[in-house]
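Enquirer: Quick one, structure for this:
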Amino acid sequence: MTYFFSRIKNFLLIGFLCFFLSSCSTTGVKTADNSPWDTIQFEKQFNTLDIDFIDDNHGFLVGSNRLIMETTDGGKTWEERSLELASEENFRLLDIDFKGEEGWLLGQPSLVMHTYDGGKNWTRLSLGNKLPGQPFLITTIDRDKAELATTAGAIYSTSNSGESWEAKVVDASGSGGVRDLRRTSEGDYVSVSSLGNFFSTLDRNSDTWIAHQRASSKRVQSIGFNPSGSLWMLSRGAEIRFNDNTEDLESWSKPIIPILNGYNYLDMGWDPNGDIWAGGGNGTLIVSNDNGQTWNSDPVASSLPTNYIKIVFINKDDLNEAKGFILGERGYILRWNG
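Expert: Got it, this is the predicted structure:
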């Protein structure tokens, strides 16, 4: 009798798994024969959080524990720099952005800095005491002009080098407080609520966030725009989704689950060849060259003891060639040589 019930239990379990997998798009992931990534390991095991370049050779990398590093050879080698900050102040430098020699740098808690000379000198700006949330994302718009977004979903702009800031978003409640926030070059925003239970969009011509239901019961890990402006979504359970219709932000593809290894994907990016990269915990880095139908694991990335938290491909007017970096924890980054 025990044997009989055991077989019934196994049969029901198999039936459940078949039903579950039928609602998902699963792909067998093989290890690629080669990799377009070079490994860079820093002596200090800080977490790297953002990167940007002024020209083909000159760039900056920022991260935890006030980390700021500079390169003059396109990112092959890096030298640590320092900011004029009080020794007792420990900032998490989150975002850096340049347009020509002018650039902006922000960190938490409540740090914004500005440079006119390619990072040789930085000026610290005062944000006052009434800023909703913490600085999260900054974009250099033009000479003396920038746009700042906070963890509360508030958007501010300046046209006088940060001497004053004007609120662009009247009501930031629709964002729900953010765990992830992205901006297109045209000025559209998308964010994930702090709990990952919904996402919000902000049109460039609007001053109000619009909240949207997540695609499934799985909490959203991160969300962003592909090169054509369509949305992608990463959810708990290592699920990848793509928006089917830009006019309907409730329309999503079936979840793609390339690898079930217990680690979530944290970011995605499209390289200049059109290949899609997804990175996450425990050295997980996969690539698809057929719009997400099949995936391969990167052989260089999988051998490193790090979590990949941000994928950055930089392609702007000041660069002759696009650049790519994957930022990891414990002092690891990958540099694209594709």
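Enquirer: so where's the chain uncertain?
Expert: Along the chain, segments meeting pLDDT under 70 span 1-28.
Enquirer: Helices of this structure, start to end?
Expert: Along the chain, the segments classed as helices by DSSP state H run 2-22.
Enquirer: Of all residues in it, which one is nearest the centre?
Expert: K310 (4.7 Å; Cα atoms, centre = their mean).
Enquirer: Quick check, it in contact with M268.
Expert: No - in this structure, K310 is not within contact of M268 by Cβ atoms under 8 Å, at 10.2 Å. No exception for glycine: its C-beta is placed from N, CA and C like everyone else's.
Enquirer: Who are the contact partners of the residue nearest to the centre of the chain?
Expert: With contact set as Cβ atoms under 8 Å, 6 or more residues apart in numbering, K310 has these partners: T48, L49, D50, L266, D267, I326, L327.
Enquirer: wait, which of these is closest to V300?
Expert: Distances from V300 to those, taken as Cβ to Cβ, are shortest for I326 (10.1 Å).
Enquirer: distance of the closest one from I210?
Expert: To I210, I326 is 31 Å away according to Cβ to Cβ, to the nearest Å.
Enquirer: Apart from its chain neighbours, what residue comes closest to R335?
Expert: Using Cβ to Cβ, 6 or more residues apart in numbering and skipping the chain neighbours, the partner closest in space to R335 is D38 (4.7 Å).
Enquirer: What about that neighbour, how many residues nearby?
Expert: Residues near D38, counting by other Cβ atoms under 10 Å, number 13.
Enquirer: got it, and S194?
Expert: Quick note: S194 (other Cβ under 10 Å) scores 14 neighbours.
Enquirer: which residues sit in contact with it?
Expert: By Cβ under 8 Å, 6+ apart, the contact set of S194 is T151, G176, G177, V178, R179.
Enquirer: Quick check: the closest residue to the third one other than its chain neighbours vs G224, distance?
Expert: To tie it back to what came earlier, the one meant is G177. Spatial nearest neighbour of G177, chain neighbours left out: S194 (3.9 Å); criterion: Cβ to Cβ, 6+ apart. According to Cβ to Cβ, S194 stands 17 Å off from G224.
Enquirer: can you check S159 too?
Expert: S159 sits 27 Å away from G224, going by Cβ to Cβ.
Enquirer: more neighbours, those two?
Expert: Taking neighbours as other Cβ under 10 Å, S159 and G224 compare with G224 leading, 20 against 15.
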